[in-house]
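# Sequence first, then the predicted structure:
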Amino acid sequence: MGFELPRIKVLNTLGRRLEDFEPFKPGLVRMYVCGPTVYDYTHLGHARTYVAFDAIKRYLRLRGYNVIHVQNITDIDDKIINRAREEGVDWREIVERYTRDYMEMLEKLKINVDLHPRVTHHIKEIIEFIQVLIEKGHAYVSPSGSVYFDVTTYPEYGELSGHKSPEAWRQEEEHLREKKHPFDFALWKACKPGEPCWDSPWGKGRPGWHIECSVMSSKYLGDQFEIHGGGQDLIFPHHENERAQSEARFGKRPWVKYWLHTGYLTVRGEKMSKSLGNIIPVKEALSKWGPETLRLWLLSAHYRTPLDFNEESLEQYKRQLKRIRSTIELTGRLLRETEPSYHLDDKEVALVQRVLGYWHEFHKAMSNDFNTAKALAAINKLVSFVNSELSSKPIYTALTLAYRAFREFNEVFAIADDIITGVAPAEVQLVDRLVDLIVEVRAKLRKRKDYELADWIRAELGQLGIRLLDYGEKTVWRKES
Ligand SMILES: Nc1ncnc2c1ncn2[C@@H]1O[C@H](COP(=O)(O)OP(=O)(O)OP(=O)(O)O)[C@@H](O)[C@H]1O
Ligand SMILES: [Zn+2]
């Protein structure tokens, strides 16, 4: 009994088609995600995007791919400089403070990024990249010493965002006077008084925003790679510009095979963003709901769809988390208590098939553009099935498969690592052993036919939220959610 794992398909922003997922090199997936500009606390909107790509990476690893995940840190930008001015501190202090917050948030949310390149560590490579663009005729130096990308030299411009008319490409309007076209964008910005800057062949200056991602992704992932991601606000102009400069420089197409963009995390329908003043810092949310509830909630919607923040919804996922976790725990316990049996009657076979069905549904959802919403729905069906049918009729084979399904679900959602690995905190382990002991004492009492005391123990444990399930002489216990 089993099922064939479905082929992975992804919705590519470039072309807006569902495509078969095929890396350039078999087995290797290189993924670059646009990280934060570190000038303020990490908010839930950022977390939405980072958790979404973490789940995508985790699922690809579950399917056997070797995934390299690079997520940059933008540590020089107008926003950082302005923030430092407002506070009257050095810009590096701003960078350090918010980088620390970002790294702590990643760790708490169980997001393990392989490389965190910073812009200011790559100035030399950025200058080299721009020089090649100038040599190839794709960029020009303005009288001020800024360098711009000449968009007219890249005929595919607009394909990624779907913005067809040059009118829609207008950007960086404050530099209109020194640009050849209103839609050209800065690769290098000439230094203004009082700003941090670096020496370059065009005078002192600093990198523009878009160039950093082209440079750092190609340095660590090569001049073609599989996945480029970020929030949907980055499609235009950031990713359109990244694509233009990279394909212009490397002369290879496609630079990126699959462009993936997350939908917004919203508050009452509005994007959560610093400029709108409606942000909830991750730090605050973590102390209120904890990392597991946050992950479950963030992954409860497909990454491309919007997800609206509200407290009730988080409370609901907190309860759902408890139910899923206690069911995984119960499955593990039932598995340990159930004798293996290799002969199954038709009814038992049907139960095993139900488990396989939900497990398959999980993979079908994840394989279809990483649909964590449907994957979670499949797991919730398995949870109900374990609680209703399997816990009253434990079948070793079905339990083994259910546990494997939960384990694979957890590899993506990471909400029950402590249960799955069996490394519960020492106090939890002690409580579990004490309950085992009480249950054993009750079994002895029942053998002696002291039902009064045995029932009293059952009732008292019930008061503490521990339910006992008797199967003949055997008893299994579970924590109620
Ligand atoms: N509300 C949101 N929902 C989903 N993703 C978001 C949201 N806000 C930011 N992101 C994503 O987080 C990543 C880091 O964003 P960045 O640091 O550029 O944010 P920002 O634009 O400075 O934030 P803000 O919009 O609050 O000013 C990007 O991939 C961005 O698309
Ligand atoms: Zn970027």
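Great, that's in hand. A quick note: this is a predicted structure, and the numbers were derived from the prediction, not measured. Ligands and ions are numbered 1, 2, ... in the order given.
# need the contact list for residue 151.
157, 169, 181, 183, 184, 185, 244 (CB atoms under 8 Å, 6 or more residues apart in numbering). Heads up, the C-betas are built off the backbone N, CA and C, glycines and all.
# which residue sits closest to residue 130, ignoring its sequence neighbours?
Nearest residue to residue 130, sequence neighbours excluded (CB to CB, 6 or more residues apart in numbering): residue 187, at 4.8 Å.
# these two touch, right, residue 233 and residue 275?
No - Residue 233 lies out of contact with residue 275 (CB atoms under 8 Å); the separation is 11.1 Å.
# Looking at these two, which has the bigger crowd around it?
Using other CB atoms under 10 Å, the more surrounded residue of residue 233 and residue 275 is residue 233, with 15 against 8.
# give the contact list for the more buried one.
Listed by CB under 8 Å, 6+ apart, the contact set of residue 233 reads 264, 271.
# if I look at it, how far off is ligand 2?
11 Å (CB to the ion, to the nearest Å).
# In three-state terms, label that residue for me.
Following DSSP: H, G, I helix; E, B strand; the rest coil, residue 233 is assigned to helix.
# Check residue 257 too.
strand.
# That one - how many residues pack around it?
The number of residues packed near residue 257 is 20, by other CB under 10 Å.
# What of the one 10 residues further on?
Applying other CB under 10 Å, we find 18 other residues in the vicinity of residue 267.
# Double-check it against residue 308; I have them as touching.
Yes - contact criterion CB under 8 Å: residue 267 and residue 308 qualify, at 7.1 Å.
# So the closest residue to residue 235 other than its chain neighbours: helix, strand or coil?
With sequence-adjacent residues excluded and distances taken as CB to CB, 6+ apart, residue 235 is closest to residue 161, at 5.0 Å. Secondary structure, three-state DSSP: residue 161 is coil.
# wait, does stretch 293-311 make contact with ligand 1?
No - Stretch 293-311 stays clear of ligand 1 (CB under 6 Å from any ligand atom), getting no nearer than 8.0 Å.
# How far does that stretch sit from its chain's centre?
Counting by CA atoms, centre = their mean, to the nearest Å, stretch 293-311 is centred 11 Å from the centre of its parent chain.
# Spell out which residues make up each domain of this structure.
In the domain annotation for the chain, the residue ranges read 10-138+150-162+209-309, 318-423, 425-481 (automatic domain parsing).
# Throw the ones you listed into CSV and include mean pLDDT, thanks.
Formatted as CSV, these follow (pLDDT from 0 to 100):
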stretch, mean pLDDT
domain 10-138+150-162+209-309, 97
domain 318-423, 94
domain 425-481, 85
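# Out of those, which gets nearest to residue 195?
domain 10-138+150-162+209-309 (5.9 Å; CB to CB).
# and residue 69, what are its phi and psi?
Torsion angles at residue 69 (phi, psi; degrees, to the nearest 10) stand at phi -110, psi 110.
# Measure how buried it is and give me the count.
Residue 69 is flanked by 24 other residues according to other CB under 10 Å.
# re earlier: measure the residue nearest to residue 235 to residue 413 for me?
32 Å (CB to CB, to the nearest Å).
# Look through the stretch 151-300 of the chain and state the residue closest to ligand 2.
residue 213 (3.2 Å; CB to the ion).
# pretty sure that residue is in contact with residue 70, am I right?
No - in this structure residue 213 lies outside contact range of residue 70 using CB under 8 Å: 9.7 Å.
# who's in contact with residue 175?
Taking CB under 8 Å, 6+ apart, we find residue 175 in contact with 142, 146, 148, 186.
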